[in-house]
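Trainee: sequence first, predicted coordinates after that:
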Amino acid sequence: MDDSARAAYLHRTLHELLARVREMEASPFWKLRNRIARLLGGAGLRSRPIPPYQLPVDVDTLFVPGGTFGAGPRSELSADEDRARMLETSSAFANRPLISVLIPAFDTPERYLRATLDSILAQGYDRWELCIADDASRDPSVRAVLGEYARRDSRVKLVFRPENGHISRATNSALALANGEFVAFVDHDDLLAPDALFEIAHLINREPDVDVIYTDENKIDEHLRFHEPHYKPDWAPESFLSRMYIGHLIVVRRSLVEAVGGLRPEFDGSQDYDLLLRVTERTDRIRHIPRILYHWRIHPDSTSLHGDVKPYAYDAAVRALNEALVRRGEDGRISAKPEYPGSYDVRFALREKKKVSVIVPTRDHGDDVNSCIGSLFAKTYYVNLEVAIVDNGSTDAASLAIFERLTKRDRRIRVLRYDAPFNFSKINNFAVEHTDGEYLLFLNNDTQAASEEWIEALVEQAQRPAIGAVGAMLLYPDETVQHAGVIVGLGGVAAHSHKHYPQSAPGYFHVLQSVNNYSAVTGACMMVRRDVFLEVGGFDESLAIAYNDVDLCLKIRDAGYRNVYLPHVRLYHYESKSRGQEVTPEGIARFGREMDIIRERWRPLAMRDPYYNPNLTLAREDYTPAP
């Protein structure tokens, strides 16, 4: 095993060991042990709460070249030694693609322009060319600096436009100079990390057919301090329709850029969003490097500092998004969300209002069921639906009377008797067999709809052939978030995004308020097409209590469908009100067994949920960077 393979093996092993520790810390046994220790007041070493374990170093920084974020370099090598190592390594690449870095320049302050150019000349990969189009700058120092760098390095290619045409035309002029197999888009005042092009070339060697590559990024201020690391998900089509999360660094196969006609001036301000919408309609070979390789400059006139500096950019994005829907043959509309700049409201027209089967399991709790079904009908105009109350052995006379009144009140409501020990998966599979709706809506009896036309909104997404499970934002009674998508691996197995956040909070880079792909959504409110549900075999009946919804969603995802969370569909969820918490020894043991099933069945995904960046914590639901 060579050094790089040994390093990769050790890196992977450390991650696996750390994940196992986090699984243990998230287990009910560990939490119970710490709860008992606290009750005992920490008397004695053996009864003290044990804090979450952390490695003394970040395992992701042990074997990577260069430093890109934080308080220092990622290795003990100097910058020159680090660059030399990358140059030596990349010289042995089987494929050494030429990467054309495109920069449109206009009246760039000299110190920013020099810093940008220096960051490219300092790259640890040498098969690049720098294609710069000056967009008729008024400041003569721009031409002087560009000429100086062109004389210094023959890889620097220049074109001086006779008149100002703005960013798209200038970028297209730079594109006309390019000979590279791939083009990288860089703003005239931003910085590339020293290993940016090395990592791009490395990925191309691993996956030669890749067409689009993007990386994580952060912001850099006037004092060269880094801020706001943006750790992004892997390719997520629904997320991308809702917000331009890809940002920088963007690298695209040049033939694709040319095939779609380059950048379009009528979309200036969101020209990169428009370009990627068109490019990603032609390829799904899109890869993400989860490392900060781009530093976005903060200065008074940039959108990196103030999201409202360029409002025309959001107007251009809305036009680009709506054009994309037309090209794709999807009848819908996309509008801006002014309260969350850079996020967009995505809605699709209902093609057909096919029947929805609403499945509500319960044992007694008639008042809860009455409130649940009452809000269901009060908050929707959707007529073609049936409601199946699945009675799992109710004995309370008042509840039984409520169920009877409901069935008499509306012929679309009926009661299905299921007299067997509680098993969430069996109950819902049984209900599916005894209903006939095109769409299945699994709904807890302790939920109440809070948003209008919520069933319509769920069907909008569920009707799309590529979509599997559709989930909602669920709220605690205090208006904070209980559920906004499930992240696999969080807390050891799976947990909810942005739990306990105020419902109006933007979340991590607006993810809470935008339509997003997730690996799973909660079964407390989940819609899925019947054919998809049957295709994957329904709920796994060996999972009687826990994680059956996560398992179903992962099977759906494994079958090639995408699961999606909708922030505009909101329900209150009185979590575990009807069943209570599993606190008995038998319940805890069963929970542990079911957790083990999920952990073993989906271990590779738990190690790396594609919709959650590996640089983010697995210990909390708040998207903070990992320690």
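Mentor: Perfect, thanks for sending it. Residues are numbered from 1 along each chain as shown.
Trainee: what comes up buried for the helix or strand where Ala401 lies?
Mentor: Taking DSSP states H and E as the criterion, Ala401 maps to helix 397-409. For helix 397-409, burial by neighbour count (16 or more other Cβ atoms under 10 Å) applies to 399, 402-403, 406. To be clear about C-beta, it is placed using only N, CA and C from the backbone, and glycine gets the same treatment.
Trainee: repeat that for stretch 246-258.
Mentor: In stretch 246-258, counting by 16+ other Cβ under 10 Å, buried: 246-254, 256-257.
Trainee: got the end-to-end distance for it?
Mentor: 20 Å (Cα to Cα, to the nearest Å).
Trainee: farthest-separated two in the buried residues of stretch 246-258?
Mentor: Greatest spatial distance in these: Gly247 and Arg254, 20.3 Å, computed using Cβ to Cβ.
Trainee: that older thread, what is the nearest of the buried residues of stretch 246-258 to Tyr112?
Mentor: Closest to Tyr112, out of all of the buried residues of stretch 246-258 and judged by Cβ to Cβ, is His248, at 15.3 Å.
Trainee: picking that back up, now the element after the helix holding Ala401, going C-ward?
Mentor: Counting by DSSP H and E, the element after helix 397-409 in chain order, helix or strand, is strand 413-417.
Trainee: so which elements touch the following helix or strand past that following strand?
Mentor: With elements assigned by DSSP H and E, the helix or strand that comes after strand 413-417 is helix 424-433. Packing partners of helix 424-433 (3 or more Cβ pairs under 8 Å, 6 or more residues apart in numbering; DSSP states H and E): strand 356-362, strand 385-391, helix 530-535.
Trainee: ok so, going back, save the buried residues of helix 397-409 as TSV, and put in distance to Ser173 too.
Mentor: Formatted as TSV, these follow (distance: Cβ to Cβ, whole Å):
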residue	distance to Ser173
Ser399	73
Ile402	71
Phe403	71
Leu406	68
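Trainee: between these, which is closest to Asn179?
Mentor: Leu406 (70.9 Å).
Trainee: ok, and the closest non-adjacent residue to the closest one?
Mentor: Nearest residue to Leu406 in three dimensions, chain neighbours excluded: Ile413, at 5.0 Å (Cβ to Cβ, 6 or more residues apart in numbering).
Trainee: what about the helix or strand where Asp345 lies, average pLDDT?
Mentor: Using DSSP H and E, Asp345 maps to strand 344-348. Averaged over strand 344-348, pLDDT sits at 97.
Trainee: show me the helices in the stretch 501-627 of the chain, by range?
Mentor: Counting by DSSP state H, counting those that start in this stretch, the stretch 501-627 of the chain has helices at residues 530-535, 548-558, 585-601, 603-607.
Trainee: just put those in CSV and tack on mean pLDDT and distance to Asn322.
Mentor: Formatted as CSV, these follow (pLDDT from 0 to 100; distance: least, Cβ to Cβ, whole Å):
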stretch, mean pLDDT, distance to Asn322
helix 530-535, 98, 28
helix 548-558, 97, 28
helix 585-601, 83, 40
helix 603-607, 75, 34
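Trainee: measure Val279 to Ile286 for me?
Mentor: 9 Å (Cβ to Cβ, to the nearest Å).
Trainee: hey, what's in contact with both of these two?
Mentor: Common contacts of Val279 and Ile286 (Cβ atoms under 8 Å, 6 or more residues apart in numbering): 211-212.
Trainee: low-confidence regions, the stretch 151-300 of the chain specifically.
Mentor: 300 (pLDDT under 70).
Trainee: quick one, helices of it?
Mentor: Under DSSP H, counting those that start in this stretch, the stretch 151-300 of the chain gives helices at 166-177, 196-206, 237-242, 254-259, 271-279.
Trainee: pretty sure His288 sits against Val212.
Mentor: No. Here His288 lies out of contact with Val212, judged by Cβ atoms under 8 Å, at a distance of 9.3 Å.
Trainee: the more surrounded of these two?
Mentor: Val212 (23 against 19; other Cβ atoms under 10 Å).
Trainee: how about the more buried one, what does it touch?
Mentor: The contact partners of Val212, by Cβ under 8 Å, 6+ apart, come to 250-253, 256, 276, 279-280, 283, 285-287.
Trainee: equivalent analysis for Asp209, please.
Mentor: The neighbourhood of Asp209, defined by Cβ under 8 Å, 6+ apart, consists of Arg285.
Trainee: what's the separation between it and Asn218?
Mentor: According to Cβ to Cβ, Asp209 and Asn218 sit 29 Å apart.
Trainee: and if you look at Asp284?
Mentor: Asp284 is 28 Å from Asn218, by Cβ to Cβ.
Trainee: in PDB, list the C-alpha atoms belonging to the helix or strand hosting Ser375.
Mentor: Element membership for Ser375, per DSSP H and E: helix 366-378. Extracted in PDB, the C-alpha atoms of helix 366-378 (Å, rounded to 0.1, in the frame of the first residue of the first chain):
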ATOM      1  CA  GLY A 366     -60.500  10.500  19.900                       C
ATOM      2  CA  ASP A 367     -60.100  14.200  20.600                       C
ATOM      3  CA  ASP A 368     -56.700  14.300  18.900                       C
ATOM      4  CA  VAL A 369     -58.100  12.400  15.900                       C
ATOM      5  CA  ASN A 370     -61.000  14.900  15.700                       C
ATOM      6  CA  SER A 371     -58.700  17.900  15.800                       C
ATOM      7  CA  CYS A 372     -56.400  16.300  13.200                       C
ATOM      8  CA  ILE A 373     -59.100  15.500  10.700                       C
ATOM      9  CA  GLY A 374     -60.900  18.700  11.400                       C
ATOM     10  CA  SER A 375     -57.800  20.800  10.500                       C
ATOM     11  CA  LEU A 376     -57.200  18.500   7.500                       C
ATOM     12  CA  PHE A 377     -60.500  19.500   5.900                       C
ATOM     13  CA  ALA A 378     -60.400  23.100   7.100                       C
END
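Trainee: so which bits of it are buried?
Mentor: 366, 368-373, 375-377.
Trainee: what's in contact with that helix?
Mentor: With Cβ under 8 Å, 6+ apart as the test, helix 366-378 has contacts from 358, 360, 362, 387, 389, 394, 396, 398-403, 406, 410, 413, 443-450, 455, 571, 574, 577-578.
Trainee: give me every residue that touches Asn429.
Mentor: 538-539, 541.
Trainee: could you do Val511 as well?
Mentor: 239, 243, 497-498, 623.
Trainee: Ala184 too?
Mentor: 99-102, 197, 200, 249-251.
Trainee: on that earlier part again, how close does the residue nearest to Leu406 get to Ile132?
Mentor: 68 Å.
Trainee: neighbour-wise, which of those two wins?
Mentor: Ile132 (28 against 21).
Trainee: find the nearest non-adjacent residue to the more buried one, please.
Mentor: Nearest in space to Ile132, with sequence neighbours left out and distances taken as Cβ to Cβ, 6+ apart, is Ile103 at 4.7 Å.
Trainee: can you check Leu102 too?
Mentor: In space, Leu102 is closest to Ala174, 4.2 Å off (Cβ to Cβ, 6+ apart).
Trainee: what subset of the contacts of Asn429 is buried?
Mentor: 538-539, 541.
Trainee: which one of the contacts of Val511 is nearest to Ser343?
Mentor: Looking across those and measuring by Cβ to Cβ, the closest to Ser343 is Arg243, at 4.9 Å.
Trainee: list the contacts of the closest one.
Mentor: 342-344, 509-511, 514.
Trainee: before we move on, back to that, give the pairing partners of the strand holding Asp345; include direction for each.
Mentor: strand 332-336 (antiparallel) (DSSP bridges).
Trainee: and the strand it pairs with, what's buried?
Mentor: Neighbour-count burial for strand 332-336, with 16+ other Cβ under 10 Å as criterion, is recorded at 332, 334, 336.
Trainee: go ahead and confirm the first one touches Arg347.
Mentor: Yes. Taking Cβ under 8 Å as the definition, Gly332 is a contact partner of Arg347 at 5.7 Å.
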